[in-house]
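# when you get a sec, could you give me coordinates for this:
(2 chains)
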Number of protein chains: 2
Amino acid sequence: MAQLRIALAQTNPTVGDLTANAGKLVDWTRRASERGAHLVVFTEMFLTGYPVEDLVLRNSFVEASIASLDAVARRLADEGLGELPVVVGYVGRANLAPRVGQPKGAPLDAAAVLHRGSVVTRTAKHHLPNYGVFDEYRYFVRGDRLPIFRLRGVDVAVAVCEDLWQEGGPVAVVSQAGAGLLVVPNASPYEREKDDVRLELVARRAREAGCALAYANQIGGQDELIFDGDSIVVGADGTLIARAAQFTEELLVTDLELPEADPEARPGSYPYDAGDGSTITVERLDLGLEPVPPYEPEPPSIAARLDDLEEVYSALVLGVRDYAAKNGFQSVILGLSGGIDSALTATIASDAIGPERVNVVLMPSRYSSEHSLSDARELVERQGIRSRVVPIEGIVDAFEKEIDLSGLAAENLQARVRGMLLMGLSNEHGHLVLTTGNKSELATGYSTLYGDSAGGFAPIKDVPKTMVWQLARWRNEQRGSGEFIRDFGRPPIPVNSIEKEPSAELRPGQLDTDSLPPYEVLDRLLDDYVEKDMGREELIAAGHDPALVARIIRLVDLAEYKRRQYPPGPKITPKNFGRDRRLPITNRWRETGA
Amino acid sequence: MAQLRIALAQTNPTVGDLTANAGKLVDWTRRASERGAHLVVFTEMFLTGYPVEDLVLRNSFVEASIASLDAVARRLADEGLGELPVVVGYVGRANLAPRVGQPKGAPLDAAAVLHRGSVVTRTAKHHLPNYGVFDEYRYFVRGDRLPIFRLRGVDVAVAVCEDLWQEGGPVAVVSQAGAGLLVVPNASPYEREKDDVRLELVARRAREAGCALAYANQIGGQDELIFDGDSIVVGADGTLIARAAQFTEELLVTDLELPEADPEARPGSYPYDAGDGSTITVERLDLGLEPVPPYEPEPPSIAARLDDLEEVYSALVLGVRDYAAKNGFQSVILGLSGGIDSALTATIASDAIGPERVNVVLMPSRYSSEHSLSDARELVERQGIRSRVVPIEGIVDAFEKEIDLSGLAAENLQARVRGMLLMGLSNEHGHLVLTTGNKSELATGYSTLYGDSAGGFAPIKDVPKTMVWQLARWRNEQRGSGEFIRDFGRPPIPVNSIEKEPSAELRPGQLDTDSLPPYEVLDRLLDDYVEKDMGREELIAAGHDPALVARIIRLVDLAEYKRRQYPPGPKITPKNFGRDRRLPITNRWRETGA
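Predicted structure coming up:
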């Protein structure tokens, strides 16, 4: 057996900011070197950030990625870190002639091994995910090379992210070719899950590959996604050896005892049947580094897993923090109604960027109740956030002097006046507008277009109403401070905001239960219809009330069509009359170079 | 040689409206029968409409599509049309076990042959497009069967849409297996093009397949796309035989003289190498219909092609007409400023749905010039549309009494007050709000979020400003009436709206040229940057002024990021923290069944 100390760099890159990401690569490699590591593994497309979407179809961007990889390899050597091999993801390019149906420029979701100032070998993702949040057939061509490099007497193979999730491909080839360790850079987004799907998968693939497996995942909010880290090292039998924390940067250093490489396996190219109808070429090379003399291993680190509510709350705080930071916002603004949704949103924002950078506006109307203002004021005081009061009655009157609106149109007007006030203050002072809608009301259409839905980021849009209450109670129970929790000296959310009956207060005496079932019933139905995509018959078979099923799925479908019918404003398109360009929101790469 | 009269049904299906689409199939088959046709070819996914996006991932929708196909086959026979074979597209399903990375339920972009009350054979698209406006790896698994059915002594093969555009696959197999005719149902969206790419492609593939080729394409606006028809029949040598008109429904009936089928080729399944690394199974069958006795062919019909401006104008009118109709709107509303953009938009709307269903609001501010109101009033009078005047000054004053806004924030406020007035009237009266922004100003960010960009459909969002003027002049020159042009008895657009200098009138004396180069210069640069995706170096090498390149691409990138930063309102998501469900906007399929 041979010893090896590996370091997984679970970090937070920024899409498009090649300079900052390269700088981070050097810093973290230095930290790994100081810890005595023999190999550092960064995450998928770490140099460019992930996901880069349609940026990857621009030639100048791909060239910049490739140039940045070569430059950072030289820089590592210049800074005395060249002896430590580094595995890192970037955007590469396949040498393929253009053809219809192939992404322009044949980009690759690539990874490279850097050593002694050079890129010594490259690979690229073989299985391209194209479901859920992934559209990778739009962006990449598939890789067909699997590098196995000899590192201090151990053969180390490299595969990328999705290659673990699908059958056949690189894992199947590793099992045939043989290796002592498989390292896998990832950019795998957070999903709320009861079960530990990721660990089960990693363990299963290690057993299939017949070797230890090191899975390095990024953390951080990026555009619509949140990455949760949770990097994992397992042994060849699937046993968990080490695990990094969720949602936080960590250099996970692990000492492994691995089988020595077969001396008969020589450098060169060897084709293998990948078991999925394709051929993968194994590229064997030797880094020329001697086995490590025996040393005393450090005990491995296994971070405790967060419980369900803490996990979700951490994701929400990280999402707001990174969305603001990566978009260059110093502060946020939101409307505070005294209700639970805006109370929770304000609290998440305070925990994310500090209460001194959170601005709230209290916008009472003729229908606002007494407790609306008093509950909002109490939250302001508990957290020490910045607040102002702007009554909307005079503005609503000015509109109604010019046009006659009734019923829903009049209710929408109030919500829109509030949205315009927030947008005006955002434009004047540079705050990011946070919206406060929860998933239950958004799904059923209880939201006004260009009104309460107007804003740049929607922290609780994926949180059902029942969980909004759970999170508020959970947050109020926390004491002390941490990366996602500040110490306000007392519970940050007024109890009355949690306990009172929910109401939009857009007409006299209005309550949510006037038009919706109890949220416990609604949320169970929405989960089956929206998350699980059950049809009407399946919903009824699952025990939901048939009349309610009919009413709610009609509301959900109408709400979706309304959202699609009223886009935020037309987008420019790559081809006349085509769909919009899909560039990432918080991208930092500028064609202008500045 | 054998004679055959084929009918291509170039029609306008509606996504999700399976009942209406099936009804149309029966009606058009009857028309084809009355014209004496021996085969009718409908378009790609005609029964479901195209594109259906994430609807296809719902089990109940795919089942409804398959049931609808069987039902319409029986109905054709019941109505005495069973002897006439029909080729039609629908959504099918492959019999594949679920696996990671495969679309849920393994849907197929399928086509079937209906005859004597039954589905006699099926195929599915082999090459899945996943670029530009297409995301088909998200939705479909690839087909691997090519039916060749013997029809009155001629062997007829069926392939679907993209199978023509990519190398290898069904066309390559037809050339090996041999057929007298290849029919291809399509849903191929309109793009503005100088060259006749589609005809060149069809001719080339006919020569490769070694047989005549009949290409049937749908027409109509559907969500973000416009389909232009332009169905084509070519001979085995690629010569154009018949061609349908653009943007209009047409039953293209064509008499062909085709080689007789090889009597040695027997019914059964035969695997072929598709030349793209896959195997395609040819399914040969005989419909049992005798060759047609000799008859006198009708002269073929070749529709004249539209010139560039007429083509674009027709696309825009059809887009507005179908978006309103398929979404169930009876009327539209827009702000009329006296400028050229809103003047052209109003004219397109009048041509699309009739001036009596077009509502305009004149919303002068303290900065509006005299001619703004008078030019707008002249357009109202020329076209006979409905108008009202709503001054915004009092409402702006009411806002400014509550919060201090300056510079851009104050300019945005005016645009947003106008947007809210239009949305309020839309909510009250049920009009569809049309926005009036052109591509040049949207691309460079001269547009206010939740202001002039607020609305449901943006007719000229893909039209550069220079083309806005061209289209206005062109429209004013038209006389008489047609499918896309109404007769207003005089030019519909006031000359002063075309000739005056463009201005947003959001501050005193403001002109577009204060901050932008002349539109001729700007539009050429935007075309290279946005449509052709050139990088900075390429743009400079192409002769654009370096300082202007830097300034404009910065504006374009910022505008794109702003649009991404401020979505219209959060969308509900299929998985917690995932991206939104992508359901089609104007879908008519209801899970509720009503």
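# burial measure for residue A:373, as a count.
Residue A:373 has 16 neighbouring residues, counting by other C-beta atoms under 10 Å in any protein chain shown. For the C-beta atoms, the positions are set from N, CA and C on the backbone; glycine is no exception.
# contacting residues for it?
If you count contacts by C-beta atoms under 8 Å, 6 or more residues apart in numbering or on different chains, residue A:373 has them with A:338, A:362, A:364, A:389.
# and for residue A:415?
The contact partners of residue A:415, by C-beta under 8 Å, 6+ apart, come to A:448, A:451-452, A:506.
# mind checking the SS state of it?
At residue A:415, secondary structure determined by DSSP: H, G, I helix; E, B strand; the rest coil is helix.
# give me the pLDDT value at it.
Here, the pLDDT recorded for residue A:415 equals 96.
# can you name the residues that contact the closest residue to residue A:164 other than its chain neighbours?
Once flanking residues are discounted, residue A:164 sits nearest to residue A:205: 5.1 Å by C-beta to C-beta, 6 or more residues apart in numbering or on different chains. Residues near residue A:205 by C-beta under 8 Å, 6+ apart: A:164, A:171, A:182, A:213.
# is the third one located within a strand, as I assumed?
Yes - following the definition three-state DSSP, residue A:182 is counted among the residues of a strand.
# okay if I get the contacts of residue A:205 as a markdown table plus secondary structure?
Formatted as a markdown table, the contacts of residue A:205 follow (three-state DSSP):
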| residue | secondary structure |
| --- | --- |
| A:164 | helix |
| A:171 | helix |
| A:182 | strand |
| A:213 | strand |
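# what ranges do the helices span in the stretch 1-150 of chain A?
Secondary structure of the stretch 1-150 of chain A (DSSP state H, counting those that start in this stretch): helices located at A:18-34, A:59-78, A:136-139.
# cool, and the stretch 351-500 of chain A?
Under DSSP H, counting those that start in this stretch, the stretch 351-500 of chain A gives helices at A:370-383, A:393-402, A:407-429, A:439-444, A:465-477, A:495-499.
# among those helices, which comes closest to residue B:152?
Smallest distance to residue B:152 across those (C-beta to C-beta): 54.2 Å, for helix A:439-444.
# I'd like to know how far the closest residue to residue A:151 other than its chain neighbours sits from residue A:233.
On the basis of C-beta to C-beta, 6+ apart, the spatially nearest residue to residue A:151 that is not a chain neighbour turns out to be residue A:287, at 5.5 Å. According to C-beta to C-beta, to the nearest Å, residue A:287 stands 21 Å off from residue A:233.
# comparing these two, which residue is more hemmed in?
In terms of neighbours (other C-beta under 10 Å), residue A:233 is the more surrounded of residue A:287 and residue A:233; the figures are 28 against 17.
# and the strand or helix carrying the more buried one, what other elements does it pack with?
Per DSSP states H and E: residue A:233 is located in strand A:232-234. Under the contact criterion of 3 or more C-beta pairs under 8 Å, 6 or more residues apart in numbering or on different chains; DSSP states H and E, strand A:232-234 touches helix A:197-209, strand A:212-217, strand A:240-243, strand A:250-258.
# how about the longest one: buried residues?
Buried positions in helix A:197-209, judged by neighbour count with 16 or more other C-beta atoms under 10 Å in any protein chain shown: A:198-199, A:201-203, A:205-209.
# of the residues you listed, which is the nearest to residue B:56?
For these, the nearest to residue B:56 is residue A:201 (27.0 Å; C-beta to C-beta).
# how many other residues sit next to the closest residue in space to that closest one that isn't next to it in sequence?
Of all residues not flanking residue A:201 in the chain, residue A:164 sits nearest, at 6.2 Å (C-beta to C-beta, 6+ apart). The burial count assigned to residue A:164 is 26, neighbours taken as other C-beta under 10 Å.
# so who does residue A:164 touch?
Residue A:164 makes contact with A:171, A:184, A:186, A:201-202, A:205, A:215, according to C-beta under 8 Å, 6+ apart.
# again with residue A:369
Counting by C-beta under 8 Å, 6+ apart, residue A:369 touches A:338, A:503, A:505.
# how close does the last one sit to residue A:20?
The one in question is residue A:505. Counting by C-beta to C-beta, the separation of residue A:505 from residue A:20 is 45 Å.
# looking at the two, which is more packed in?
residue A:505 (21 against 13).
# residue A:371 is in contact with the more buried one, correct?
No - contact criterion C-beta atoms under 8 Å: residue A:505 and residue A:371 do not qualify, at 10.3 Å.
# which residue does the stretch 51-200 of chain A have closest to chain B?
residue A:60 (3.1 Å; C-beta to the nearest C-beta).
# look at that residue and report its pLDDT.
Residue A:60 carries a pLDDT score of 88 in this model.
# give me the number of residues near the closest residue to residue A:210 other than its chain neighbours?
With C-beta to C-beta, 6+ apart as the criterion, residue A:210 has its nearest non-adjacent residue at 5.2 Å, and that residue is residue A:175. A count of neighbours around residue A:175, defined by other C-beta under 10 Å, yields 18.
# and residue A:175, how far is that from residue A:460?
44 Å.
# and the residue lying closest to residue A:332 once chain neighbours are set aside, how many residues sit next to it?
In space, and not counting its chain neighbours, residue A:332 is closest to residue A:432: 4.7 Å by C-beta to C-beta, 6+ apart. If you count neighbours by other C-beta under 10 Å, residue A:432 ends up with 24.
# pretty sure residue A:432 sits against residue A:334.
No - applying C-beta under 8 Å, one finds residue A:432 not in contact with residue A:334, separated by 9.3 Å.
# most centrally placed residue in chain A?
In chain A, the C-alpha closest to the average C-alpha coordinate belongs to residue A:226, at a distance of 1.8 Å (C-alpha atoms, centre = their mean).
# quick check, it in contact with residue A:191.
No - here residue A:226 does not reach residue A:191: they are 9.5 Å apart, not a contact under C-beta under 8 Å.
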